[in-house]
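> coords below, sequence missing:
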């Protein structure tokens, strides 16, 4: 895995028509290539890997990358949805870096086989966004 | 597979706060659940299945569902990117219905192991959009 970069390495603002970005090309990546990619915290500590992406069916937007870690053969593993915009691809690490610490993940909204999530619950989505949002603390649990 | 519907079965414009849509909940689906789902033409003829989704890394939008069909164990199989907005989930069929005929697919932009595609080529994206776009014929090939 070498080039699934986020943030469009657009390079210089070349007027050359050979620059894909200048010609309106979009930096695309396949969903099944994102799935399974490692996720690291800012210090390079491996947090887990992307299990799947949650897509808004109507708008066609990727809302969350579901981070999975722990468990044995998937048993007891917990899944943590992270806002897609939190992910930045790091070529050196060969995975995504998120501005999230392991401690921050520990009390983040999560789900598992034992504790399924109702994705149609608006409060759930709000809790996820609040937890990783601009507010210093995700403190809307139960609201 | 029962409820990965497109088009948000929003139901009545109920002011009830128990209506998820009214409370801003988004109809989400997991990418790995879309992958492998059957795709049909409007007459119910099975065209193939979704192999993967092509995602705009920066904007976080799903651009194409890559339809795969033919081939033996993936050998010689061709892949056809369809604009995401073309897909509509049909509960009865248990798959996506696209307003595309098999004949229209036959001369659609495609790629395969023998004929890889350069996703950063803006012309390629334009050809795909033109082929399925509002214009009656996709005739920009070679442009």
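Sure, I can see it. This is a predicted model, so every value here is computed, not measured.

> pretty sure residue A:125 sits in a helix.
Yes. With DSSP: H, G, I helix; E, B strand; the rest coil as the criterion, residue A:125 is assigned to a helix.

> and it, how many residues sit next to it?
Using other C-beta atoms under 10 Å in any protein chain shown, residue A:125 is surrounded by 23 other residues. In this view, the C-beta of every residue, glycine as well, is placed from N, C-alpha and C.

> just the helices in chain A please.
Counting by DSSP state H, residue ranges of the helices within chain A are A:31-34, A:102-106, A:122-132.

> any idea how far the closest residue to residue A:67 other than its chain neighbours is from chain B?
Distances taken as C-beta to C-beta, 6 or more residues apart in numbering or on different chains place residue A:80 nearest to residue A:67, at 4.5 Å, with adjacent residues excluded. In this structure, residue A:80 and chain B are 14 Å apart, going by C-beta to the nearest C-beta, to the nearest Å.

> was I right to think residue A:80 contacts residue A:104?
No. In terms of C-beta atoms under 8 Å, residue A:80 does not count as a neighbour of residue A:104; the distance is 10.1 Å.

> between these two, which has more neighbouring residues?
Set side by side, residue A:80 and residue A:104 give different neighbour counts by other C-beta under 10 Å, the larger being at residue A:80 (24 against 14).

> per-residue pLDDT, the more buried one?
According to the predicted model, the pLDDT of residue A:80 comes to 93.

> how about residue A:122?
Looking at residue A:122, the pLDDT reads 85.

> these two touch, right, it and residue B:27?
No. Judged on C-beta under 8 Å, residue A:122 makes no contact with residue B:27 at a distance of 11.4 Å.

> the more surrounded of the two?
Between residue A:122 and residue B:27, counting by other C-beta under 10 Å, residue B:27 is the more crowded of the two (21 against 18).
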